[in-house]
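Chemist: I would like the atomic coordinates for the input below:
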Amino acid sequence: MGDDEDGVPAAKRRQPAAPPPPAMVDYISNLPDAILGDIVSLLPTKKAACTQILARRWRPLWRSAPLNIECHGLLRDDGTIDFRGDPGEHLDKAAITRILSTHPGPVRRLRVPAHHMQPRHVNALNDWLVSPALNNLQVLEFYHRCDYANLLAVSSWPPPPASVFQLTPTLHVATFSHCTISDGTARSLHFPNLKMLALEEALLPETTVQSILARCPVLENLLLRGNVGSSCVRIVSPRIRSIAVHVSSFRGGAHLQELVVEDAPCLERLLRTLPDGDLGVTVTNAPRLETLGCLSDVFGVTKLKLGSAAILRLNDVKFTEAVCSVKILAFYSDSLSLDVVINFMECFPCLERLYIKSCSGGKNAWRKKYRGLNKHHDFRLKNLVLENYRGTKSEIDFATFFIMNAKLLESMKFKVESRICMDGSWIKTQHTQLLVEKRKSICAQIDIRKYDCRCNLTHVESVHDLSAADPFACRC
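Modeler: Got it, this is the predicted structure:
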């Protein structure tokens with residue numbers, strides 16, 4: 001083997017260069033058509049249509065995939081809306097009609113502004129609802145728009161068009177807003193496959209909800225928000241798992257004042273969103289109820305009867321037998337009180353997660369009053385969240401009780417009020433005053449930070465949110 005004139009062996013000098021890195025592999029496009037079609041169907045209409053430009057492989061998928069028609073995404077270019085205008089005038093109705101008539105695939109979801117049930121728009125709506133493309137529709141949502149809904153008087157809310165009723169046998173999810181559903185109409189409905197139902201700002205006579213529930217044999221989630229016409233709703237449902245109620249008293253007419261859960265053997269979550277009116281809740285049979293809240297004494301009092309427990313106000317809890325099924329609790333209190341919380345923990349001894357929002361703090365000194373509490377009570381609290389935290393002495397005394405005594409504590413979150421100036425020095429002072437280094441549970445995580453959360457404890461914006469295992473955990 002010869003050497004070159006620099007003394008480097010020729011074989012070594014002629015070693016081939018390293019091969020270039022392999023090209024990126026498009027694993028998504030290699031998926032079966034059925035899976036890709038499902039991906040396309042989950043996208044809003046405009047974005048689903050745009051998938052045709054990704055690659056030649058994607059072009060036929062849009063034409064065969066089940067559609068997700070989101071009417072809010074089909075506004076014309078001049079679709080700016082002010083309070084004097086009718087947002088229906090800006091909806092590209094012709095585009096929806098064209099999609100329904102030319103798209104060979106089925107429609108899985110149709111989401112339409114509720115004001116399209118008004119007389120000036122209902123003809124176009126009827127044309128869509130009788131389209132053969134909707135024969136196997138699974139999701140139908142008539143949603144209300146905040147920028148338009150308040151302009152409509154209750155007396156102008158129309159009944160759903162008759163063409164809606166032919167779709168009910170295949171629906172899995174339904175939302176009805178800003179309409180009137182009479183008891184006679186409710187008795188004519190049949191939802192054999194419906195699992196999620198939302199009735200939002202609708203006119204519902206006294207027995208309408210009961211009539212609808214009787215025709216939903218597999219219903220799991222029920223959202224009642226801001227309805228009028230009925231002061232009492234009774235729930236009898238063998239499969240229902242989640243109920244959320246929002247009482248709105250700003251409109252005329254009777255609003256909900258009493259909720260009676262007579263028989264709900266599978267009920268797991270009973271929720272109240274953004275209280276703004278008093279509500280009485282009676283639960284007769286719900287042995288699997290685990291999640292409860294948001295109870296309140298600020299914007300509207302929630303009076304709850306659950307088994308032997310009677311909660312007239314947050315500071316008035318009476319019970320003869322503990323309710324052991326409840327594991328998650330949330331309440332909004334005018335004043336942060338350790339006495340109130342300990343009373344709740346005695347009523348719900350298996351409580352694991354607790355969410356508290358308060359406006360101010362009371363006297364929470366505990367070292368003498370509750371020094372030996374752990375010897376007589378086996379508290380199981382694992383997660384505690386304090387909203388509107390300001391770092392006052394009252395709040396620090398409250399928090400140190402759990403830091404020093406909760407043996408199973410895994411996390412404690414302090415959601416600091418927005419006007420507090422948080423810097424490194426303030427946080428360090430808080431850690432010192434909270435006695436974090438002396439915490440009973442060495443594994444407990446202490447988290448102090450500001451949270452930009454748009455929800456009010458209960459994170460329920462649509463009926464789909466009722467399926468969340470913990471509806472109070474922030475997902476913003």
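
Chemist: what's in contact with the longest helix along the chain?
Modeler: In the chain, with assignment by DSSP state H, the single longest helix is helix 393-405. By C-beta atoms under 8 Å, 6 or more residues apart in numbering, the residues outside helix 393-405 that reach it are 336-338, 341, 360-366, 370, 373-374, 379, 381, 384, 386, 389, 409, 412, 414, 430, 433-436, 438-440, 444, 446. In short, each C-beta sits where N, CA and C put it, glycine included.

Chemist: likewise stretch 238-245?
Modeler: 213, 217-225, 235, 256, 259, 261, 263-273, 279, 458, 460, 463, 466-467, 471.

Chemist: Using neighbour counts, trim those residues to the buried set.
Modeler: Buried members of the contacts of stretch 238-245, counted by 16 or more other C-beta atoms under 10 Å: 213, 219-225, 235, 256, 259, 261, 264, 267-273, 279, 458, 460, 463, 466, 471.

Chemist: one step back: next secondary structure after the longest helix of the chain?
Modeler: Next along the chain after helix 393-405, taking DSSP states H and E as the criterion, comes strand 411-416.

Chemist: Now do the helix or strand just after that following strand: everything it contacts.
Modeler: Going down the chain from strand 411-416, the next helix or strand is helix 424-433, by DSSP H and E. Residues from elsewhere that reach helix 424-433 (C-beta under 8 Å, 6+ apart): 391, 396, 414, 420, 437, 446, 448.

Chemist: just stretch 295-306 next, same as before
Modeler: 247, 272, 274-283, 286, 289, 292, 310-315, 323, 329-334, 359.

Chemist: Flag every buried residue along it.
Modeler: 295, 296, 297, 298, 300, 301, 302, 303, 304, 306.

Chemist: Quick check: end-to-end length of that stretch?
Modeler: 13 Å (C-alpha to C-alpha, to the nearest Å).

Chemist: For that stretch, what does the pLDDT average out to?
Modeler: Averaged over stretch 295-306, pLDDT sits at 85.

Chemist: What ranges does the stretch 101-250 of the chain have for its strands?
Modeler: 107-113, 139-143, 173-177, 196-200, 221-225, 232-236, 242-246 (DSSP state E, counting those that start in this stretch).

Chemist: out of those strands, nearest to residue 57?
Modeler: When those are ranked by proximity to residue 57, the top entry is strand 107-113, at 21.8 Å, counting by C-beta to C-beta.

Chemist: Within its sheet, name the partner strands of that closest one and how each one runs.
Modeler: strand 67-70 (parallel), strand 139-143 (parallel) (DSSP bridges).

Chemist: Using TSV, lay out those together with distance to residue 186, mean pLDDT and mean neighbour count.
Modeler: Putting the strands paired with strand 107-113 into TSV (distance: least, C-beta to C-beta, whole Å; pLDDT from 0 to 100; neighbours: other C-beta atoms under 10 Å) gives the following:
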stretch	distance to residue 186	mean pLDDT	mean neighbour count
strand 67-70	26	84	22
strand 139-143	16	93	22
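
Chemist: Select, out of those, the one closest to residue 30.
Modeler: When those are ranked by proximity to residue 30 (C-beta to C-beta), strand 67-70 comes first, at 23.5 Å.

Chemist: Sticking with residue 261, tell me its helix or strand.
Modeler: Applying DSSP H and E, one finds residue 261 within strand 258-263.

Chemist: Against which helices or strands is the very next helix or strand once past that strand packed?
Modeler: Per DSSP H and E, the first helix or strand lying C-terminal to strand 258-263 is strand 269-272. Judged by 3 or more C-beta pairs under 8 Å, 6 or more residues apart in numbering; DSSP states H and E, the packing partners of strand 269-272 are strand 242-246, strand 279-283, strand 291-296.

Chemist: now do 7 Å
Modeler: strand 242-246, strand 291-296 (3 or more C-beta pairs under 7 Å, 6 or more residues apart in numbering; DSSP states H and E).

Chemist: Would you mind giving those as a markdown table with distance to residue 132 added?
Modeler: Listed next are the helices and strands packed on strand 269-272 as a markdown table, based on distance: least, C-beta to C-beta, whole Å:
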| stretch | distance to residue 132 |
| --- | --- |
| strand 242-246 | 34 |
| strand 291-296 | 42 |
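
Chemist: closest one to residue 156 among those strands?
Modeler: strand 242-246 (21.5 Å).

Chemist: That closest one versus strand 258-263: what angle between them?
Modeler: Orientation of strand 242-246 against strand 258-263 (axes from the mean of the first three to the mean of the last three C-alpha atoms, to 10 degrees) gives an angle of 170 degrees.

Chemist: Give me the distance between strand 242-246 and the centre of its chain.
Modeler: Centre-to-centre, strand 242-246 and its host chain are 10 Å apart (C-alpha atoms, centre = their mean, to the nearest Å).

Chemist: Distance check, the residue lying closest to residue 178 once chain neighbours are set aside against residue 462.
Modeler: Nearest non-adjacent residue to residue 178, counting by C-beta to C-beta, 6 or more residues apart in numbering: residue 114, 4.1 Å away. Separation of residue 114 from residue 462 (C-beta to C-beta, to the nearest Å) stands at 14 Å.

Chemist: what about these two, which has more around it?
Modeler: residue 114 (25 against 17; other C-beta atoms under 10 Å).

Chemist: residue contacts, the more buried one?
Modeler: 142, 143, 144, 177, 178, 179 (C-beta atoms under 7 Å, 6 or more residues apart in numbering).

Chemist: where does residue 344 land in three-state SS?
Modeler: helix (DSSP: H, G, I helix; E, B strand; the rest coil).

Chemist: How much space separates it from residue 208?
Modeler: Look at residue 344 and residue 208: by C-beta to C-beta, they are 34 Å apart.

Chemist: Give me the more crowded residue out of those two.
Modeler: Taking neighbours as other C-beta under 10 Å, residue 344 and residue 208 compare with residue 208 leading, 24 against 21.

Chemist: Could I get the contacting residues of that one?
Modeler: Residues 181, 182, 183, 186, 230 are the ones in contact with residue 208 under the rule C-beta under 7 Å, 6+ apart.

Chemist: Recalculate using a threshold of 10 Å.
Modeler: 180-187, 199, 202, 227, 229-230, 233 (C-beta atoms under 10 Å, 6 or more residues apart in numbering).

Chemist: picking up where we left off before, adding distance to residue 129, write the strands of the stretch 101-250 of the chain out as JSON lines.
Modeler: Formatted as JSON lines, the strands of the stretch 101-250 of the chain follow (distance: least, C-beta to C-beta, whole Å):
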{"stretch": "strand 107-113", "distance to residue 129": "8"}
{"stretch": "strand 139-143", "distance to residue 129": "9"}
{"stretch": "strand 173-177", "distance to residue 129": "13"}
{"stretch": "strand 196-200", "distance to residue 129": "18"}
{"stretch": "strand 221-225", "distance to residue 129": "22"}
{"stretch": "strand 232-236", "distance to residue 129": "28"}
{"stretch": "strand 242-246", "distance to residue 129": "27"}
